[in-house]
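> Pasted the sequence and its predicted model underneath.
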Protein chains: 2
Amino acid sequence: MKILYFVTSNKGKYIEAEEKLREIKNIKLEQKRIDYPEIQADTLEEVVEYGIEYLKKKLKKPFILEDAGLFIEHLNGFPGVYSAYVFKTIGCKGILSLLDDMEERNAYFKSVIGFYDPRTNEKKIFKGISKGEISFEMRGTQGFGYDPIFIPEGESRTFGEMETKEKNRYSHRGKSFEKLASFFKKLKIENFKV
Amino acid sequence: MKILYFVTSNKGKYIEAEEKLREIKNIKLEQKRIDYPEIQADTLEEVVEYGIEYLKKKLKKPFILEDAGLFIEHLNGFPGVYSAYVFKTIGCKGILSLLDDMEERNAYFKSVIGFYDPRTNEKKIFKGISKGEISFEMRGTQGFGYDPIFIPEGESRTFGEMETKEKNRYSHRGKSFEKLASFFKKLKIENFKV
């Protein structure tokens, strides 16, 4: 059984990932709590790349890390890379004030996973996007973060009004982890030395 | 003449600092354009400390770096450390929407300077704060960034309505650089080896 570290302090993210990777034989996902600097950047990709560069000197086993954000078109991509901070300070209410009664409410959630294997120096980036729009008011109490104001494409309900399982069909993080899983399936397991 | 690097890509900041330090004998401020990672953090101090740790391995001469932000009380300190990004995306208009017609509009600008001398390993942090409040609409065309919506304490005009020289009397950056200047004045110049 090969170990793959998921560097995150977020237990919820770990559980979500663990479920997605459970079907991959010979890989055991392990949550690794080690701090790494998240830089101020325009893209999630830059944040993830910097994290990999920092962690590759510290970890001896293959690892993944993940960053995600909500990008609102009319607000030039705000809150984007800083979604967590913006949620903590102005929250869903703040986002609704900023959009006021604006008709143009397109937005997407994006998740970026970085994978690095210190034995082979292999680095991979996997992305998942969930398109949709921002609702006119908060709806639903499920999920977390911006879930009560995000309506995925083809739906009328917000993520906050859906069961986790249903939400995960549309979810950006679900999609990026599916790509990671496909990558492992294709990978010859004997090359994945740990 | 000893050289002190100011690590910044912002020419305006450099000119402001150079004026403040001109009176210090034996020190010549030099703008140094070298990228350093700005981390996502709750405080400007953390951003500056991380910058110093990164740069101290790369620079052989004493250096300073500076970070600043606008902190709005009612918005839990937003936009804070991310002021530049928030300005770029939602701007002054966004801040006004977020505050709506709220009476409680207290805010402050803060500047944090980090100084490091690789010869002595001396590290110093200098802070400057300018208290005030957010106006109800944008006023004035001078200055930059959030100047048109910030009214310093004891004034009725915004920074955007003031000449640079007048603004600098209240300015957070003016204050932090004055502290840096006092530090150099007290420092025995023979100990400031470069």
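Yep, that arrived. As the structure is a computational prediction, the values presented were derived from the model and not from experiment.
> Would you mind listing the buried residues in stretch A:127-140?
Buried residues in stretch A:127-140, defined by neighbour count with 16 or more other Cβ atoms under 10 Å in any protein chain shown: A:128, A:130, A:132-135, A:138-139. Heads up, the C-betas are built off the backbone N, CA and C, glycines and all.
> Using JSON lines, please lay out the residues you listed together with pLDDT.
Formatted as JSON lines, those follow (pLDDT from 0 to 100):
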{"residue": "A:128", "pLDDT": "96"}
{"residue": "A:130", "pLDDT": "96"}
{"residue": "A:132", "pLDDT": "97"}
{"residue": "A:133", "pLDDT": "98"}
{"residue": "A:134", "pLDDT": "98"}
{"residue": "A:135", "pLDDT": "97"}
{"residue": "A:138", "pLDDT": "97"}
{"residue": "A:139", "pLDDT": "97"}
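> Would you point out the most distant pair within those?
The distance between the two most remote of those (Cβ to Cβ) is 24.4 Å, for A:128 and A:138.
> and residue A:36, helix, strand or coil?
coil (DSSP: H, G, I helix; E, B strand; the rest coil).
> Pass me the low-pLDDT residue ranges in chain A, would you?
By pLDDT under 70, the low-scoring segments of chain A are A:188-194.
> center of it, which residue is that?
residue A:111 (3.4 Å; Cα atoms, centre = their mean).
> How about the longest helix belonging to chain A, which residues are buried there?
The longest helix of chain A (DSSP state H) is helix A:172-186. Residues A:172-177, A:179-181, A:184 are the ones in helix A:172-186 that count as buried (16+ other Cβ under 10 Å).
> State the distance from residue A:91 to residue B:107.
Separation of residue A:91 from residue B:107 (Cβ to Cβ, to the nearest Å) stands at 18 Å.
> Between the two, which is the more surrounded one?
residue B:107 (23 against 18; other Cβ atoms under 10 Å in any protein chain shown).
> Identify the residue spatially nearest to the more buried one, adjacent ones excluded.
residue B:72 (4.4 Å; Cβ to Cβ, 6 or more residues apart in numbering or on different chains).
> Phi, psi for the one you found please.
For residue B:72, the backbone dihedrals (degrees, to the nearest 10) come out as phi -110, psi 120.
> what does residue A:29 give?
According to degrees, to the nearest 10, residue A:29 has phi -80, psi 130.
> Just give the number of residues close to it.
What residue A:29 shows, counting by other Cβ under 10 Å, is a neighbour count of 19.
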